[in-house]
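>>> predicted model follows, preceded by the sequence.
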Amino acid sequence: MPGGPRQSAAAPSAMHALTANPAATRAPLPARCMAFRPPARGPYAAAMEPTPPSTSPGAPLLRARGLCLTLPAAAGPVNILRGVDLDLAAGETVGLVGPSGSGKTSLLMLLAGLERPTSGSLDFAGRDLTGLDEDALARWRRDHVGIVFQSFHLIQGMTAAENVAVPLELAGRRDAAAVAARLLEAVGLGHRLRHLPTQLSGGEQQRVALARALAARPALLLADEPTGNLDQETGEVVMALLFRLCAEAGAAVLLITHDPALTAHCARVVRLADGRLGAP
Ligand SMILES: Nc1ncnc2c1ncn2[C@@H]1O[C@H](COP(=O)(O)OP(=O)(O)O)[C@@H](O)[C@H]1O
Ligand SMILES: [Mg+2]
């Protein structure tokens, strides 16, 4: 990666939150993907009091206009994003595709407030995010955004339960440990609470990461190639969980993936090319 390290890469622990409309049109996933199917009113619904951000009717949850990102590099500035417009409705599932190096991860970092746009505007539930300072952005992320990364980003010295409890503790939940245990049960890992990440398979680690990302019932889940390090069958299980739990929580999903089988489960797909979003 040219130009040195990015500022971003904040601990994924500090990101999370929520809104409604579980009813996207999705074809059923293969039967083996239903292995960890949580009940209709599962632990996520039961454990957390949803605190939806107030959006005026019809207004998008997330609204990006003219987002540009230019980063310095040894050979000169790199124009990564050249004016991205994107609306994401509450509860909507959107697939984001594009060739490697087209700026998908960069866009996700902007939408998560982990990186600042060079120019353009970004609103969440009608609130301008570009004017927030770092502390306010971190609080916004804690309350409203969950992120799942390709490489899991679990905190290595912490057990599965401790990893999931982190965002709940950040949100001031005294019952963080008990809620974390219920959330891990919901992703089929009730028997792995005290395991460290190194003692878990890739699929198990991603399920822990998913439980953590959704712990604070985010309105928005951002997922960057979440099955990229998993075999196909494990990836299908993780994605079935992701879609199901997000629908249950009413969270909107922006999913970066190269897998057409996964974008088929999104209500809409957009493609990033030449620094802009268009139809796939
Ligand atoms: N810190 C950086 N400085 C300069 N250029 C960068 C930096 N990080 C990424 N890039 C460049 O930005 C482009 C988009 O990268 P990225 O968002 O990771 O793409 P994608 O996720 O679609 O593969 C690439 O050309 C990459 O080399
Ligand atoms: Mg990427």
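Sure thing, it's come through. Note that the structure is a prediction, hence the values are computed from the model and not measured. Ligands and ions are numbered 1, 2, ... in the order given.
>>> and the strands in the stretch 151-280 of the chain, which stretches?
220-224, 252-256, 268-273, 276-278 (DSSP state E, counting those that start in this stretch).
>>> mind listing what's buried along the third one?
This points to strand 268-273. 268-272 (16 or more other Cβ atoms under 10 Å). (C-beta placed from N, C-alpha, C; glycine too.)
>>> ligand 2: which of those residues is nearest?
Lowest distance from ligand 2 to the buried residues of strand 268-273 (Cβ to the ion) belongs to Leu272, with 10.1 Å.
>>> find the nearest non-adjacent residue to the closest one, please.
Closest residue to Leu272 apart from its sequence neighbours, by Cβ to Cβ, 6 or more residues apart in numbering: Gly98 at 3.5 Å.
>>> my guess is that neighbour contacts Thr105. True?
No: contact between Gly98 and Thr105 fails when scored by Cβ atoms under 8 Å: they sit 10.2 Å apart.
>>> got the angle for the helix or strand hosting Leu67 vs strand 220-224?
Taking DSSP states H and E as the criterion, Leu67 maps to strand 62-71. Between the axis of strand 62-71 and that of strand 220-224 there is an angle of 40 degrees, by axes from the mean of the first three to the mean of the last three Cα atoms, to 10 degrees.
>>> can you give me the neighbour number for Pro260?
Pro260 sits with 11 neighbouring residues when counted by other Cβ atoms under 10 Å.
>>> also His258?
With other Cβ under 10 Å as criterion, His258 counts 14.
>>> those strands in the stretch 1-150 of the chain, which residues are they?
62-71, 78-88, 93-97, 119-124, 127-128, 145-148.
>>> which neighbours in the sheet does the shortest one have, and how are they oriented?
Spelled out, that is strand 127-128. Using DSSP bridges, the strands paired with strand 127-128 are strand 119-124 (antiparallel).
>>> now swap in the last one and tell me
Note on strand 145-148: by DSSP bridges, its sheet partners are strand 220-224 (parallel).
>>> could you dump the strands of the stretch 151-280 of the chain into TSV and include mean pLDDT?
Shown next, in TSV, are the strands of the stretch 151-280 of the chain (pLDDT from 0 to 100):
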stretch	mean pLDDT
strand 220-224	98
strand 252-256	98
strand 268-273	96
strand 276-278	93
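>>> quick one, which of the strands of the stretch 1-150 of the chain is packed in tightest?
With neighbours defined as mean count of other Cβ atoms under 10 Å, the strands of the stretch 1-150 of the chain peak in mean count at strand 145-148, which reaches a mean of 28.
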